[in-house]
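1. I would like the atomic coordinates for the input below:
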Amino acid sequence: MTPHRATALMLNVGHALDHMFLLIFATAVTAIAADFGVARWEDLMPYGVAAFVLFGIGSLPAGRLGDLWGRRPMMIVFFVGIGMSSIGVSAAQSPWQLAIALALLGAFASIYHPVGIPMLLQNAAKPGLTIGINGLAGNLGLALAAIVTGFFVKHLGWRAAFVVPGALSIACGLLFAWIAPREADAPARRKATQTIDTGISLPHLLAIMTVASTVSGLVFNFSTNANYEMLADRLRDITRDPARLGTLLAVVYAVAACAQVIVGRLIDRFPLKPLYLSIIATQGALFALSTQVGGWAFLVLQLLFMAFVFGAIPFTDAMIVRFVDDRLRSRVAGMRLAVSLGASSLAVWLIGPVVKQAGFGALLWLMAGCSLLSLLVVSRLPSVRKAAPAAA
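-> Numbers count the residues shown, from 1 in each chain. Predicted coordinates:
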């Protein structure tokens, strides 16, 4: 395997780890609440909000450092830092200690998206497909969180669910440092590789991308952080086994994640706007339909709506690749992510109170409303044209 392919493989592994670590808490929250003496798991969910806030706002300095210092060293910091902070979560003895440790984990997790994805795409011949495969890797991390955390909670306890992945991430950091070629120059010091022709101003494009990704982020956080407990509620007459529920949810994530590869291929071939609108519209309809069913029918609909949640993810990264030169991509991605992920972290805080007061049906209707809002925002996106290579 060439160094370039080995590095790409490790970057995709990093995306899987990034999403896995962010979902371990939500998957193990019932066991953690019982261990800490918290009566209801919903009351413990707000303690995870700081992790998602820092996951968002940390993207801004991470993107800046990625462009100005270098993407390779930042990715080493990511692997080692998120691993050590995950082990730190396992040592928490109270809800507030847990909140602090999760916040540190979120800060290190913020490095990946503005740094790892631009590093992966800087030499990609088919960016849409590359984004799709990378998205698949990230969503397989969600599947791993569901199945691995369910297994550890059942057999070894919730603390092991943080310790073992943490040690694995540190090992990945050492391996990445060994195989990833050193950068000759930081991205900001390189020559321009493309000219930008969007048909609209960059601030206008960034505003649309940021609002759309913020609403999509709300949907993503609502769904991924509530899916385990939602599935447990809708299948309560069928099974209450945490390992079995984790396996079922892992299957949902693994199958639904394939949508990102399909969407990635479509992005390379078709205009972004009509494709994006059709995916968001279908997503909202599936959320609304899911409010009316339970049992195995809900599991099928959960798989379908997650396929469309995942399928909407590649679009903002595809627009950044198409219209932003590589010298600026980490900073532009960091600015967009700092706003969108920071705002969408509100979903983690809202899940507990919404479900406690109104049930999972209300949460599904809330997600359907978010899809409608996203549809209105994306409809403002003009038709886009491809960027041309820069003149020598």
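2. For the stretch 251-392 of the chain, which segments count as helices?
-> All helices of the stretch 251-392 of the chain, identified by DSSP state H, counting those that start in this stretch, fall at 272-290, 295-311, 314-323, 329-344, 346-358, 360-378.
3. can you redo these as JSON lines with distance to Ala254?
-> Backbone N, C-alpha and C define where each C-beta goes, glycine included. As requested, the helices of the stretch 251-392 of the chain are exported to JSON lines (distance: least, CB to CB, whole Å):
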{"stretch": "helix 272-290", "distance to Ala254": "18"}
{"stretch": "helix 295-311", "distance to Ala254": "10"}
{"stretch": "helix 314-323", "distance to Ala254": "18"}
{"stretch": "helix 329-344", "distance to Ala254": "24"}
{"stretch": "helix 346-358", "distance to Ala254": "23"}
{"stretch": "helix 360-378", "distance to Ala254": "21"}
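4. just so I know, which of the ones you listed lies nearest Ala180?
-> The minimum distance between Ala180 and those falls on helix 329-344, with 15.9 Å, by CB to CB.
5. Poorly predicted segments of this protein, please.
-> Across the chain, the ranges flagged by pLDDT under 70 are 1, 3, 184-202, 325, 342, 382-392.
6. where do the strands sit along it?
-> Using DSSP state E, the strands found in the chain span residues 194-195, 388-389.
7. rewinding a little: nearest approach to Ser94 belongs to which of the helices of the stretch 251-392 of the chain?
-> helix 346-358 (17.8 Å).
8. Centre of the chain to that closest one, how far?
-> Put simply, helix 346-358 sits 20 Å off its chain's centre (CA atoms, centre = their mean, to the nearest Å).
9. For it, which outside residues touch it?
-> 26, 40-46, 48-49, 51-52, 217-218, 221-222, 225-226, 229, 362-363, 366 (CB atoms under 8 Å, 6 or more residues apart in numbering).
10. and what of stretch 274-285?
-> Residues outside stretch 274-285 that contact it (CB under 8 Å, 6+ apart) are 219, 263, 266-267, 305, 308-309, 311-312, 315, 368, 371-372, 374-375, 378-379, 381.
11. quick one, which of the helices of the stretch 251-392 of the chain is nearest to Lys126?
-> helix 314-323 (10.6 Å).
12. quick revisit: let's have the helices of the stretch 251-392 of the chain in TSV, adding mean neighbour count.
-> Formatted as TSV, those follow (neighbours: other CB atoms under 10 Å):
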stretch	mean neighbour count
helix 272-290	20
helix 295-311	21
helix 314-323	24
helix 329-344	24
helix 346-358	19
helix 360-378	20
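13. so of the contacts of helix 346-358, which ones are in helices?
-> Per DSSP state H, helices hold the following members of these: 26, 49, 51-52, 217-218, 221-222, 225-226, 229, 362-363, 366.
14. Could you identify the most distant pair in the residues you listed?
-> Maximum distance among these (CB to CB): 24.2 Å, for Ala51 and Ala362.
15. What's the local residue count around Asp35?
-> The tally of other residues near Asp35 (other CB atoms under 10 Å) stands at 14.
16. who's in contact with it?
-> Each residue near Asp35 by CB under 8 Å, 6+ apart is listed here: Trp158.
17. can you tell me how far it sits from Pro46?
-> 17 Å (CB to CB, to the nearest Å).
18. if we can go back for a sec, quick check: PyMOL command selecting the buried ones in the contacts of helix 346-358.
-> In PyMOL syntax, the buried subset of the contacts of helix 346-358 is picked out as below (16 or more other CB atoms under 10 Å):
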select buried, resi 26+41+42+44+45+46+48+49+51+52+217+218+221+222+225+226+229+363+366
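19. What's the local residue count around the closest residue to Asp268 other than its chain neighbours?
-> Using CB to CB, 6 or more residues apart in numbering and skipping the chain neighbours, the partner closest in space to Asp268 is Gly128 (3.7 Å). By the criterion of other CB under 10 Å, Gly128 has 24 neighbours.
20. Gly128 touches Arg265, doesn't it?
-> Yes. In this structure, Gly128 is within contact of Arg265 by CB atoms under 8 Å, at 6.4 Å.
21. returning to what we had before: closest one to Trp178 among the helices of the stretch 251-392 of the chain?
-> helix 329-344 (23.0 Å).
22. chain center to that closest one, what's the gap?
-> Relative to the mean C-alpha coordinate of its chain, helix 329-344 is positioned 12 Å out (CA atoms, centre = their mean).
23. Who are the packing partners of it?
-> helix 49-57, helix 59-68, helix 117-121, helix 202-234, helix 314-323 (3 or more CB pairs under 8 Å, 6 or more residues apart in numbering; DSSP states H and E).
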